[in-house]
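Participant: Using only what follows, build the 3D model:
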Amino acid sequence: MTAEANRLAGAAAAVAAFGMGLALRPFDALVAMPIAEDGWYALTVARNIAAGHGVTIDGAVWTNGFQPLFTFLQALCFFAAGSVEADLRLFYALAWAVHVAGAVLVASLARDALEDRAAARLAGALAALGYLAAIKNFNDFYTGLETGLQMALMALVWRIYADDWRRRPAAMGLALGLLVLARIDAAVFVAVFCAVEFLRGPAPWASRFRACFVAGALAVLVSSPWWIYNTLVFGHPMPTSGFAQQDAAFEIERVFTALRALGIVAMPWIFAGAHEALWSDLLRVAALAGIGMLAWQARRLALAPAMGRFASILLLAYAALAVYYTRTFFADWFYIRYFAPLSLIAFVYVPALLARQTPRLGSGLGAAAGIVAIALFAASWNGVGLFGAAAHHRQAELVAAHVPPGDIVAAGQSGTLGFLRARVVNTDGKVNPEALRWRGRIPDYLDARGIKWFVDSDWYVELNLGLDPAARGWKLAAENGDFFLYRREGP
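Facilitator: Numbers count the residues shown, from 1 in each chain. As a prediction, the model looks like this:
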(Lines give C-alpha, C1' and ligand atoms only; values in the text may rest on other atoms or scores of the structure.)
Protein backbone atom coordinates (compact mmCIF):
# COMPACT_ATOMS: atom_id res chain seq x y z
CA MET A 1 0.00 0.00 0.00
CA THR A 2 2.93 2.34 0.55
CA ALA A 3 3.81 2.54 -3.15
CA GLU A 4 0.14 3.09 -4.02
CA ALA A 5 -0.10 5.86 -1.43
CA ASN A 6 2.97 7.54 -2.90
CA ARG A 7 1.49 7.43 -6.40
CA LEU A 8 -1.78 8.91 -5.21
CA ALA A 9 0.07 11.63 -3.30
CA GLY A 10 1.90 12.46 -6.53
CA ALA A 11 -1.43 12.62 -8.37
CA ALA A 12 -2.76 14.98 -5.70
CA ALA A 13 0.27 17.23 -6.19
CA ALA A 14 -0.33 17.23 -9.97
CA VAL A 15 -3.99 18.24 -9.51
CA ALA A 16 -2.91 20.99 -7.11
CA ALA A 17 -0.41 22.28 -9.65
CA PHE A 18 -3.11 22.48 -12.32
CA GLY A 19 -5.33 24.31 -9.85
CA MET A 20 -2.69 26.99 -9.38
CA GLY A 21 -2.84 27.42 -13.15
CA LEU A 22 -6.12 29.29 -12.70
CA ALA A 23 -4.09 32.29 -11.54
CA LEU A 24 -1.91 32.17 -14.66
CA ARG A 25 -4.63 32.31 -17.31
CA PRO A 26 -5.04 35.10 -19.89
CA PHE A 27 -6.85 38.17 -18.60
CA ASP A 28 -10.08 37.44 -20.52
CA ALA A 29 -10.33 34.13 -18.66
CA LEU A 30 -9.50 35.72 -15.29
CA VAL A 31 -12.68 37.81 -15.40
CA ALA A 32 -14.79 34.84 -16.52
CA MET A 33 -15.66 31.50 -14.95
CA PRO A 34 -15.44 30.05 -12.39
CA ILE A 35 -16.10 33.37 -10.59
CA ALA A 36 -19.86 33.48 -9.97
CA GLU A 37 -22.22 36.44 -10.27
CA ASP A 38 -22.51 36.73 -6.48
CA GLY A 39 -18.74 36.33 -6.18
CA TRP A 40 -18.33 39.64 -8.00
CA TYR A 41 -20.27 41.35 -5.19
CA ALA A 42 -17.70 40.15 -2.66
CA LEU A 43 -14.80 41.08 -4.94
CA THR A 44 -16.24 44.55 -5.52
CA VAL A 45 -16.59 45.13 -1.77
CA ALA A 46 -13.04 43.83 -1.26
CA ARG A 47 -11.74 46.27 -3.87
CA ASN A 48 -13.51 49.20 -2.20
CA ILE A 49 -12.15 48.24 1.22
CA ALA A 50 -8.62 48.10 -0.21
CA ALA A 51 -9.10 51.46 -1.92
CA GLY A 52 -10.12 53.09 1.37
CA HIS A 53 -13.77 53.56 0.37
CA GLY A 54 -15.06 51.63 3.37
CA VAL A 55 -17.25 48.54 3.42
CA THR A 56 -19.21 49.70 0.40
CA ILE A 57 -20.51 48.21 -2.82
CA ASP A 58 -19.89 51.31 -4.95
CA GLY A 59 -17.67 53.56 -2.85
CA ALA A 60 -20.73 55.23 -1.28
CA VAL A 61 -23.42 52.74 -0.20
CA TRP A 62 -22.40 50.81 2.92
CA THR A 63 -23.22 47.12 2.74
CA ASN A 64 -23.16 43.89 4.71
CA GLY A 65 -24.46 41.63 1.94
CA PHE A 66 -21.44 39.31 1.97
CA GLN A 67 -19.66 36.86 4.24
CA PRO A 68 -16.91 38.83 6.00
CA LEU A 69 -13.76 36.76 6.52
CA PHE A 70 -13.01 35.69 2.96
CA THR A 71 -14.00 39.11 1.60
CA PHE A 72 -11.53 40.85 3.93
CA LEU A 73 -8.84 38.36 2.90
CA GLN A 74 -9.61 39.22 -0.72
CA ALA A 75 -9.25 42.89 0.19
CA LEU A 76 -5.63 42.14 1.13
CA CYS A 77 -5.12 40.84 -2.43
CA PHE A 78 -6.46 44.10 -3.88
CA PHE A 79 -4.39 46.16 -1.44
CA ALA A 80 -1.20 44.28 -2.31
CA ALA A 81 -1.59 44.36 -6.09
CA GLY A 82 -2.77 47.58 -7.67
CA SER A 83 -4.28 46.56 -11.01
CA VAL A 84 -7.39 44.51 -11.80
CA GLU A 85 -5.32 41.80 -13.47
CA ALA A 86 -2.84 41.48 -10.61
CA ASP A 87 -5.68 41.65 -8.09
CA LEU A 88 -7.51 38.72 -9.68
CA ARG A 89 -4.35 36.64 -9.99
CA LEU A 90 -3.75 37.08 -6.26
CA PHE A 91 -7.39 36.20 -5.56
CA TYR A 92 -7.04 32.92 -7.45
CA ALA A 93 -3.79 32.20 -5.60
CA LEU A 94 -5.61 32.81 -2.30
CA ALA A 95 -8.49 30.50 -3.27
CA TRP A 96 -5.97 27.86 -4.32
CA ALA A 97 -4.07 28.10 -1.02
CA VAL A 98 -7.33 27.67 0.91
CA HIS A 99 -8.21 24.67 -1.26
CA VAL A 100 -4.86 23.01 -0.60
CA ALA A 101 -5.03 23.77 3.14
CA GLY A 102 -8.41 22.04 3.28
CA ALA A 103 -6.98 19.03 1.47
CA VAL A 104 -4.14 18.72 3.98
CA LEU A 105 -6.56 18.85 6.92
CA VAL A 106 -8.94 16.32 5.37
CA ALA A 107 -6.04 13.98 4.61
CA SER A 108 -4.95 14.11 8.26
CA LEU A 109 -8.49 13.27 9.39
CA ALA A 110 -8.81 10.34 7.01
CA ARG A 111 -5.46 8.96 8.23
CA ASP A 112 -6.57 9.19 11.84
CA ALA A 113 -9.83 7.41 11.11
CA LEU A 114 -7.95 4.09 10.70
CA GLU A 115 -5.72 2.22 13.11
CA ASP A 116 -3.93 0.17 10.44
CA ARG A 117 -0.97 2.41 9.53
CA ALA A 118 -0.56 1.20 5.94
CA ALA A 119 -4.26 1.59 5.22
CA ALA A 120 -4.24 4.93 7.04
CA ARG A 121 -1.51 6.30 4.81
CA LEU A 122 -3.41 5.21 1.70
CA ALA A 123 -6.58 6.78 3.12
CA GLY A 124 -4.76 10.08 3.64
CA ALA A 125 -3.46 10.15 0.07
CA LEU A 126 -6.88 9.22 -1.28
CA ALA A 127 -8.53 11.93 0.82
CA ALA A 128 -6.11 14.63 -0.36
CA LEU A 129 -6.61 13.64 -3.99
CA GLY A 130 -10.37 13.30 -3.54
CA TYR A 131 -10.67 16.74 -1.97
CA LEU A 132 -8.55 18.43 -4.63
CA ALA A 133 -10.24 16.59 -7.49
CA ALA A 134 -13.90 16.76 -6.40
CA ILE A 135 -15.92 18.38 -9.16
CA LYS A 136 -18.18 20.21 -6.73
CA ASN A 137 -15.19 21.74 -4.95
CA PHE A 138 -13.90 23.06 -8.25
CA ASN A 139 -17.27 24.70 -8.79
CA ASP A 140 -17.45 26.13 -5.23
CA PHE A 141 -13.95 27.17 -4.24
CA TYR A 142 -12.99 29.59 -7.04
CA THR A 143 -16.22 31.57 -7.30
CA GLY A 144 -15.17 34.56 -5.20
CA LEU A 145 -17.40 33.30 -2.38
CA GLU A 146 -16.61 31.85 1.04
CA THR A 147 -17.28 28.13 0.58
CA GLY A 148 -13.66 26.99 0.29
CA LEU A 149 -12.63 28.87 3.44
CA GLN A 150 -15.71 27.64 5.29
CA MET A 151 -14.85 24.03 4.42
CA ALA A 152 -11.20 24.43 5.42
CA LEU A 153 -12.14 25.98 8.77
CA MET A 154 -14.74 23.27 9.44
CA ALA A 155 -12.01 20.70 8.75
CA LEU A 156 -9.78 22.58 11.22
CA VAL A 157 -12.54 22.44 13.84
CA TRP A 158 -12.82 18.70 13.21
CA ARG A 159 -9.03 18.37 13.54
CA ILE A 160 -9.03 20.13 16.92
CA TYR A 161 -11.99 18.03 18.04
CA ALA A 162 -10.25 14.78 17.10
CA ASP A 163 -7.23 15.83 19.17
CA ASP A 164 -9.38 15.99 22.34
CA TRP A 165 -10.61 19.56 22.12
CA ARG A 166 -11.55 19.78 25.80
CA ARG A 167 -7.87 20.06 26.63
CA ARG A 168 -7.68 23.12 24.35
CA PRO A 169 -11.07 24.86 24.51
CA ALA A 170 -9.53 28.23 23.65
CA ALA A 171 -8.16 26.87 20.37
CA MET A 172 -11.58 25.43 19.59
CA GLY A 173 -13.28 28.74 20.42
CA LEU A 174 -10.94 30.66 18.12
CA ALA A 175 -11.54 28.19 15.28
CA LEU A 176 -15.31 28.31 15.81
CA GLY A 177 -15.28 32.12 15.80
CA LEU A 178 -13.36 32.21 12.53
CA LEU A 179 -15.79 29.65 11.12
CA VAL A 180 -18.71 31.97 11.95
CA LEU A 181 -16.92 34.88 10.30
CA ALA A 182 -16.41 32.71 7.24
CA ARG A 183 -20.15 32.08 7.01
CA ILE A 184 -22.49 33.38 9.69
CA ASP A 185 -24.96 30.49 9.57
CA ALA A 186 -22.17 28.49 11.22
CA ALA A 187 -23.51 30.06 14.42
CA VAL A 188 -26.11 27.27 14.31
CA PHE A 189 -23.30 24.72 14.18
CA VAL A 190 -21.60 26.38 17.18
CA ALA A 191 -24.81 26.22 19.20
CA VAL A 192 -25.39 22.56 18.34
CA PHE A 193 -21.74 21.73 19.03
CA CYS A 194 -21.75 23.31 22.49
CA ALA A 195 -25.09 21.74 23.42
CA VAL A 196 -24.09 18.23 22.35
CA GLU A 197 -20.66 18.42 23.95
CA PHE A 198 -22.09 19.72 27.22
CA LEU A 199 -24.48 16.76 27.37
CA ARG A 200 -21.80 14.21 26.44
CA GLY A 201 -20.11 12.38 29.30
CA PRO A 202 -18.24 10.91 31.00
CA ALA A 203 -16.40 14.02 32.24
CA PRO A 204 -17.93 15.82 35.26
CA TRP A 205 -20.58 18.37 34.31
CA ALA A 206 -18.49 21.26 35.67
CA SER A 207 -15.60 20.30 33.39
CA ARG A 208 -17.94 20.00 30.42
CA PHE A 209 -19.56 23.33 31.20
CA ARG A 210 -16.19 25.08 31.54
CA ALA A 211 -14.92 23.74 28.19
CA CYS A 212 -18.14 24.58 26.34
CA PHE A 213 -18.38 28.02 27.95
CA VAL A 214 -14.80 28.92 26.98
CA ALA A 215 -15.25 27.67 23.41
CA GLY A 216 -18.67 29.27 22.96
CA ALA A 217 -17.75 32.58 24.58
CA LEU A 218 -14.60 32.89 22.46
CA ALA A 219 -16.58 32.06 19.31
CA VAL A 220 -19.00 34.88 20.15
CA LEU A 221 -16.15 37.26 20.99
CA VAL A 222 -14.20 36.56 17.80
CA SER A 223 -17.27 36.95 15.59
CA SER A 224 -18.77 39.88 17.55
CA PRO A 225 -17.34 42.71 15.37
CA TRP A 226 -19.51 41.50 12.50
CA TRP A 227 -22.66 41.22 14.62
CA ILE A 228 -22.04 44.67 16.10
CA TYR A 229 -21.42 46.24 12.68
CA ASN A 230 -24.61 44.72 11.26
CA THR A 231 -26.74 45.78 14.21
CA LEU A 232 -25.42 49.33 14.56
CA VAL A 233 -25.32 50.22 10.87
CA PHE A 234 -28.23 48.17 9.48
CA GLY A 235 -30.39 47.56 12.54
CA HIS A 236 -30.27 43.76 12.45
CA PRO A 237 -27.56 41.07 12.83
CA MET A 238 -28.67 39.31 9.62
CA PRO A 239 -27.04 40.73 6.46
CA THR A 240 -29.14 42.24 3.69
CA SER A 241 -28.28 39.32 1.41
CA GLY A 242 -30.25 37.10 3.80
CA PHE A 243 -33.28 39.38 3.87
CA ALA A 244 -33.21 39.70 0.08
CA GLN A 245 -33.72 35.95 -0.33
CA GLN A 246 -36.27 35.35 2.42
CA ASP A 247 -39.72 34.10 1.56
CA ALA A 248 -41.25 31.87 4.22
CA ALA A 249 -43.34 29.19 2.53
CA PHE A 250 -43.66 25.47 2.21
CA GLU A 251 -43.07 24.58 -1.43
CA ILE A 252 -42.59 21.02 -2.60
CA GLU A 253 -40.16 22.22 -5.28
CA ARG A 254 -37.84 23.56 -2.58
CA VAL A 255 -38.01 20.22 -0.78
CA PHE A 256 -37.01 18.32 -3.91
CA THR A 257 -34.22 20.81 -4.62
CA ALA A 258 -32.95 20.44 -1.05
CA LEU A 259 -32.96 16.63 -1.37
CA ARG A 260 -30.99 16.83 -4.60
CA ALA A 261 -28.56 19.27 -2.97
CA LEU A 262 -28.05 16.87 -0.06
CA GLY A 263 -27.37 14.08 -2.53
CA ILE A 264 -24.78 16.20 -4.30
CA VAL A 265 -22.93 17.13 -1.11
CA ALA A 266 -23.02 13.47 -0.04
CA MET A 267 -21.24 12.49 -3.27
CA PRO A 268 -19.27 15.61 -4.26
CA TRP A 269 -17.29 13.84 -6.98
CA ILE A 270 -20.40 13.54 -9.17
CA PHE A 271 -21.64 16.97 -10.20
CA ALA A 272 -22.60 18.25 -13.65
CA GLY A 273 -23.30 21.93 -12.99
CA ALA A 274 -25.70 23.30 -15.60
CA HIS A 275 -26.05 19.78 -17.02
CA GLU A 276 -27.53 18.26 -13.87
CA ALA A 277 -30.38 15.91 -14.85
CA LEU A 278 -31.86 12.52 -14.13
CA TRP A 279 -28.72 10.74 -15.36
CA SER A 280 -26.51 12.48 -12.79
CA ASP A 281 -29.03 11.78 -10.02
CA LEU A 282 -29.10 8.08 -10.92
CA LEU A 283 -25.30 7.97 -11.07
CA ARG A 284 -25.10 9.49 -7.59
CA VAL A 285 -27.68 7.07 -6.22
CA ALA A 286 -25.69 4.14 -7.66
CA ALA A 287 -22.44 5.48 -6.18
CA LEU A 288 -24.03 6.05 -2.78
CA ALA A 289 -25.53 2.56 -2.87
CA GLY A 290 -22.08 1.11 -3.59
CA ILE A 291 -20.55 3.04 -0.71
CA GLY A 292 -23.41 1.88 1.49
CA MET A 293 -22.72 -1.75 0.63
CA LEU A 294 -19.03 -1.32 1.46
CA ALA A 295 -19.95 0.37 4.73
CA TRP A 296 -22.27 -2.52 5.61
CA GLN A 297 -19.51 -5.03 4.93
CA ALA A 298 -17.14 -2.97 7.09
CA ARG A 299 -19.64 -2.35 9.90
CA ARG A 300 -17.26 -3.93 12.39
CA LEU A 301 -14.41 -1.75 11.19
CA ALA A 302 -12.99 0.15 14.17
CA LEU A 303 -12.85 3.88 13.49
CA ALA A 304 -11.69 6.52 15.92
CA PRO A 305 -14.73 7.37 18.13
CA ALA A 306 -14.11 11.11 17.89
CA MET A 307 -14.58 10.93 14.13
CA GLY A 308 -18.07 9.52 14.43
CA ARG A 309 -19.07 11.95 17.17
CA PHE A 310 -18.07 14.98 15.15
CA ALA A 311 -19.79 13.65 12.03
CA SER A 312 -22.98 13.28 14.09
CA ILE A 313 -22.78 16.89 15.29
CA LEU A 314 -22.22 18.06 11.72
CA LEU A 315 -25.23 16.07 10.51
CA LEU A 316 -27.45 17.40 13.27
CA ALA A 317 -26.49 21.04 12.70
CA TYR A 318 -26.95 20.91 8.94
CA ALA A 319 -30.21 19.00 9.23
CA ALA A 320 -31.48 22.01 11.17
CA LEU A 321 -30.06 24.42 8.58
CA ALA A 322 -31.56 22.39 5.72
CA VAL A 323 -35.00 22.70 7.30
CA TYR A 324 -34.48 26.42 7.90
CA TYR A 325 -33.35 27.22 4.36
CA THR A 326 -35.98 25.05 2.73
CA ARG A 327 -38.68 26.73 4.77
CA THR A 328 -37.52 30.36 4.49
CA PHE A 329 -35.23 30.92 1.46
CA PHE A 330 -36.64 31.00 -2.05
CA ALA A 331 -33.17 30.94 -3.66
CA ASP A 332 -33.05 27.14 -3.77
CA TRP A 333 -30.29 27.13 -6.40
CA PHE A 334 -27.91 28.07 -3.56
CA TYR A 335 -28.75 25.05 -1.39
CA ILE A 336 -25.85 23.00 -2.76
CA ARG A 337 -23.52 25.72 -1.49
CA TYR A 338 -25.31 26.25 1.82
CA PHE A 339 -25.05 22.53 2.66
CA ALA A 340 -21.45 22.17 1.43
CA PRO A 341 -19.77 21.39 4.81
CA LEU A 342 -21.63 18.07 4.93
CA SER A 343 -19.31 16.96 2.11
CA LEU A 344 -16.53 16.70 4.70
CA ILE A 345 -18.09 13.45 5.94
CA ALA A 346 -17.67 11.95 2.47
CA PHE A 347 -14.17 13.40 2.08
CA VAL A 348 -13.04 11.71 5.30
CA TYR A 349 -15.01 8.47 5.42
CA VAL A 350 -15.11 7.36 1.77
CA PRO A 351 -11.28 7.34 1.40
CA ALA A 352 -10.93 5.55 4.75
CA LEU A 353 -13.52 2.97 3.70
CA LEU A 354 -11.95 2.39 0.29
CA ALA A 355 -8.43 2.16 1.70
CA ARG A 356 -9.51 -0.43 4.23
CA GLN A 357 -11.92 -2.51 2.14
CA THR A 358 -10.97 -2.15 -1.54
CA PRO A 359 -7.62 -0.36 -1.91
CA ARG A 360 -7.26 -1.15 -5.62
CA LEU A 361 -10.73 0.17 -6.41
CA GLY A 362 -9.99 3.25 -4.32
CA SER A 363 -6.77 3.90 -6.23
CA GLY A 364 -8.53 3.51 -9.56
CA LEU A 365 -11.33 5.85 -8.57
CA GLY A 366 -8.82 8.37 -7.22
CA ALA A 367 -6.87 8.32 -10.48
CA ALA A 368 -10.08 8.78 -12.49
CA ALA A 369 -11.11 11.73 -10.31
CA GLY A 370 -7.69 13.29 -10.83
CA ILE A 371 -7.98 13.02 -14.61
CA VAL A 372 -11.43 14.63 -14.59
CA ALA A 373 -10.18 17.45 -12.37
CA ILE A 374 -7.22 18.19 -14.64
CA ALA A 375 -9.60 18.25 -17.62
CA LEU A 376 -11.81 20.78 -15.79
CA PHE A 377 -8.85 22.98 -14.93
CA ALA A 378 -7.68 22.80 -18.55
CA ALA A 379 -11.15 23.80 -19.83
CA SER A 380 -11.16 26.77 -17.49
CA TRP A 381 -8.10 28.16 -19.28
CA ASN A 382 -10.56 29.74 -21.71
CA GLY A 383 -12.96 30.90 -19.00
CA VAL A 384 -15.43 28.03 -19.37
CA GLY A 385 -16.78 26.21 -16.32
CA LEU A 386 -19.43 23.69 -15.35
CA PHE A 387 -22.07 26.32 -15.98
CA GLY A 388 -20.66 27.31 -19.36
CA ALA A 389 -19.24 30.74 -20.11
CA ALA A 390 -19.90 33.76 -17.89
CA ALA A 391 -23.41 34.79 -19.02
CA HIS A 392 -23.46 38.11 -17.16
CA HIS A 393 -20.73 39.52 -19.35
CA ARG A 394 -23.44 39.92 -22.00
CA GLN A 395 -25.21 42.21 -19.55
CA ALA A 396 -22.07 44.33 -19.16
CA GLU A 397 -21.52 44.40 -22.95
CA LEU A 398 -25.10 45.60 -23.45
CA VAL A 399 -24.60 48.47 -21.02
CA ALA A 400 -21.21 49.41 -22.47
CA ALA A 401 -22.71 49.62 -25.96
CA HIS A 402 -25.78 51.71 -25.14
CA VAL A 403 -25.52 53.53 -21.79
CA PRO A 404 -23.40 56.70 -21.49
CA PRO A 405 -20.58 56.19 -18.92
CA GLY A 406 -21.89 59.00 -16.72
CA ASP A 407 -25.41 57.57 -16.41
CA ILE A 408 -26.55 55.34 -13.56
CA VAL A 409 -27.82 51.91 -14.54
CA ALA A 410 -29.84 49.63 -12.24
CA ALA A 411 -30.01 45.84 -12.18
CA GLY A 412 -31.29 43.09 -9.94
CA GLN A 413 -28.28 40.97 -10.80
CA SER A 414 -25.55 43.59 -10.56
CA GLY A 415 -22.46 41.65 -9.43
CA THR A 416 -20.49 41.36 -12.67
CA LEU A 417 -21.77 44.69 -13.98
CA GLY A 418 -20.88 46.50 -10.76
CA PHE A 419 -17.33 45.16 -10.79
CA LEU A 420 -16.72 46.09 -14.43
CA ARG A 421 -18.50 49.46 -14.41
CA ALA A 422 -19.01 52.40 -12.07
CA ARG A 423 -22.43 53.96 -11.31
CA VAL A 424 -24.40 50.72 -10.90
CA VAL A 425 -27.32 50.37 -8.46
CA ASN A 426 -28.42 46.98 -7.11
CA THR A 427 -32.20 46.50 -6.84
CA ASP A 428 -32.64 42.99 -5.40
CA GLY A 429 -31.32 44.18 -2.02
CA LYS A 430 -28.48 41.69 -1.59
CA VAL A 431 -25.89 44.44 -1.27
CA ASN A 432 -28.11 47.53 -1.27
CA PRO A 433 -30.11 48.01 1.95
CA GLU A 434 -31.90 50.97 0.41
CA ALA A 435 -33.50 48.69 -2.23
CA LEU A 436 -34.86 46.43 0.53
CA ARG A 437 -36.82 49.34 1.95
CA TRP A 438 -38.41 49.86 -1.47
CA ARG A 439 -39.15 46.17 -2.07
CA GLY A 440 -42.31 45.83 -4.15
CA ARG A 441 -41.97 49.47 -5.25
CA ILE A 442 -38.76 49.39 -7.28
CA PRO A 443 -40.17 51.58 -10.13
CA ASP A 444 -40.85 54.28 -7.51
CA TYR A 445 -37.33 53.80 -6.12
CA LEU A 446 -35.82 54.24 -9.59
CA ASP A 447 -37.96 57.34 -10.14
CA ALA A 448 -36.90 58.78 -6.77
CA ARG A 449 -33.24 58.22 -7.66
CA GLY A 450 -33.69 59.62 -11.18
CA ILE A 451 -32.40 56.39 -12.71
CA LYS A 452 -33.30 56.03 -16.39
CA TRP A 453 -31.68 52.68 -17.24
CA PHE A 454 -32.45 49.14 -16.11
CA VAL A 455 -30.82 45.97 -17.45
CA ASP A 456 -31.44 42.33 -16.57
CA SER A 457 -32.99 39.04 -17.61
CA ASP A 458 -36.73 38.54 -18.16
CA TRP A 459 -37.48 37.35 -14.63
CA TYR A 460 -35.73 40.29 -13.01
CA VAL A 461 -37.31 42.76 -15.43
CA GLU A 462 -40.76 41.48 -14.45
CA LEU A 463 -39.84 41.46 -10.74
CA ASN A 464 -38.52 45.03 -10.79
CA LEU A 465 -40.48 46.83 -13.53
CA GLY A 466 -43.68 44.77 -13.52
CA LEU A 467 -45.51 42.83 -16.23
CA ASP A 468 -45.90 45.96 -18.35
CA PRO A 469 -42.79 48.18 -18.07
CA ALA A 470 -44.17 50.49 -20.76
CA ALA A 471 -47.02 51.47 -18.45
CA ARG A 472 -44.43 53.13 -16.19
CA GLY A 473 -42.59 54.72 -19.09
CA TRP A 474 -39.92 52.05 -19.55
CA LYS A 475 -39.12 51.25 -23.19
CA LEU A 476 -36.96 48.36 -24.44
CA ALA A 477 -33.77 49.93 -25.81
CA ALA A 478 -31.66 46.88 -26.71
CA GLU A 479 -31.07 43.22 -25.89
CA ASN A 480 -28.18 40.80 -25.86
CA GLY A 481 -28.90 37.11 -25.38
CA ASP A 482 -31.00 36.71 -22.23
CA PHE A 483 -30.52 40.32 -21.12
CA PHE A 484 -32.77 43.28 -21.87
CA LEU A 485 -31.92 46.95 -21.51
CA TYR A 486 -34.76 49.36 -20.71
CA ARG A 487 -34.74 53.16 -20.77
CA ARG A 488 -37.27 55.30 -18.94
CA GLU A 489 -38.87 57.92 -21.13
CA GLY A 490 -39.76 61.37 -19.90
CA PRO A 491 -38.25 63.59 -17.18
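Participant: Flag every buried residue along the helix or strand where residue 4 lies.
Facilitator: Secondary structure assigned from DSSP states H and E places residue 4 in helix 2-20. By neighbour count with 16 or more other C-beta atoms under 10 Å, helix 2-20 contains the buried residues 4-5, 8-9, 11-12, 14-16, 18-19. Heads up, the C-betas are built off the backbone N, CA and C, glycines and all.
Participant: same deal with stretch 79-90?
Facilitator: Counting neighbours by 16+ other C-beta under 10 Å, stretch 79-90 gives 79, 81, 84, 87-90 as buried.
Participant: Can you tell me what sits against it?
Facilitator: Outside stretch 79-90, the residues that touch it by C-beta atoms under 8 Å, 6 or more residues apart in numbering are 23-24, 27, 30-31, 47, 50, 77-78.
Participant: Let's see that with 10 Å instead.
Facilitator: 22-27, 29-31, 35, 43, 46-47, 49-52, 74-78, 91, 144, 419-420 (C-beta atoms under 10 Å, 6 or more residues apart in numbering).
Participant: and if you look at stretch 172-179?
Facilitator: 69, 149-150, 152-161, 163, 165-166, 168, 186-187, 189-190, 193-194, 197, 211-224, 226, 341.
Participant: Looks like residue 253 contacts residue 332 (just checking).
Facilitator: Yes. Counting by C-beta atoms under 10 Å, residue 332 is a contact partner of residue 253 at 7.2 Å.
Participant: I'd like to know how far residue 24 sits from residue 143.
Facilitator: 18 Å (C-beta to C-beta, to the nearest Å).
Participant: ok, the two, which is more surrounded?
Facilitator: residue 143 (23 against 12; other C-beta atoms under 10 Å).
Participant: and that one, that one's in a strand?
Facilitator: No. Using DSSP: H, G, I helix; E, B strand; the rest coil, the assignment for residue 143 is coil, not a strand.
Participant: Now do the phi/psi pair for it.
Facilitator: When read as degrees, to the nearest 10, the backbone of residue 143 gives phi -90, psi -10.
Participant: Now do residue 185, the pLDDT please.
Facilitator: If you check residue 185, the pLDDT there is 94.
Participant: Numbering from 44 from now on, please.
Facilitator: That works, and once the first residue is 44, the last one we named lands at residue 228.
Participant: residues in contact with it?
Facilitator: Counting by C-beta under 10 Å, 6+ apart, residue 228 makes contact with 110, 193, 281, 285, 360-361, 363-364, 367-368, 381, 384.
Participant: Inside strands: which ones of these?
Facilitator: Counting by DSSP state E, the contacts of residue 228 place none of their members in strands.
Participant: Could you tell me which of the residues you listed count as buried?
Facilitator: By 16+ other C-beta under 10 Å, those give 110, 193, 285, 360-361, 364, 368, 381, 384 as buried.
Participant: and the helix or strand containing residue 241, which residues are buried?
Facilitator: Using DSSP H and E, residue 241 maps to helix 229-242. For helix 229-242, burial by neighbour count (16+ other C-beta under 10 Å) applies to 229-233, 235-237, 239-240.
Participant: Quickly name whichever of the residues you listed is closest to residue 407.
Facilitator: Distance to residue 407 across the buried residues of helix 229-242 (C-beta to C-beta) is lowest for residue 232, with 34.7 Å.
Participant: Low-confidence stretches in the stretch 294-443 of the chain?
Facilitator: For the stretch 294-443 of the chain, the stretches flagged by pLDDT under 70 are 342-346, 426-434.
Participant: redo that, cut-off 90
Facilitator: Scanning the stretch 294-443 of the chain for pLDDT under 90 picks out 294, 315-321, 323, 334-351, 372-377, 395-437, 439.
Participant: measure residue 51 to residue 366 for me?
Facilitator: Distance from residue 51 to residue 366, by C-beta to C-beta: 38 Å.
Participant: ok, residue 105 touching residue 282?
Facilitator: No. Using C-beta under 10 Å, residue 105 is not in contact with residue 282; the gap is 11.8 Å.
Participant: pLDDT (mean, whole number) over the longest helix seen in the chain?
Facilitator: As assigned by DSSP state H, the longest helix anywhere in the chain is helix 127-155. Mean pLDDT, computed over helix 127-155, is 93.
Participant: I'd like the next helix or strand past that helix.
Facilitator: helix 160-176.
Participant: helices or strands up against that following helix?
Facilitator: helix 45-63, helix 127-155, helix 178-184, helix 190-205, helix 386-400, helix 402-422 (3 or more C-beta pairs under 10 Å, 6 or more residues apart in numbering; DSSP states H and E).
Participant: Could you rerun that using 7 Å?
Facilitator: Counting contacts by 3 or more C-beta pairs under 7 Å, 6 or more residues apart in numbering; DSSP states H and E, helix 160-176 is packed against helix 45-63, helix 127-155, helix 386-400, helix 402-422.
Participant: what angle separates the first one from helix 386-400?
Facilitator: If you take axes from the mean of the first three to the mean of the last three C-alpha atoms, to 10 degrees, helix 45-63 sits at 150 degrees to helix 386-400.
Participant: Beyond helix 45-63, next helix or strand please.
Facilitator: Helix 45-63 is succeeded, C-terminally, by helix 70-73 (DSSP H and E).
Participant: helices and strands around that next one, which ones?
Facilitator: helix 127-155.
Participant: The helix it packs on: which residues count as buried?
Facilitator: Neighbour-count burial for helix 127-155 flags 127, 130-135, 137-139, 141-155 (criterion: 16+ other C-beta under 10 Å).
Participant: do the same with stretch 85-102
Facilitator: For stretch 85-102, by 16+ other C-beta under 10 Å, it's 85-93, 98-101.
Participant: Redo these as CSV? Include distance to residue 477.
Facilitator: Formatted as CSV, the buried residues of stretch 85-102 follow (distance: C-beta to C-beta, whole Å):
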residue, distance to residue 477
85, 19
86, 21
87, 16
88, 16
89, 21
90, 21
91, 17
92, 20
93, 24
98, 15
99, 12
100, 11
101, 11
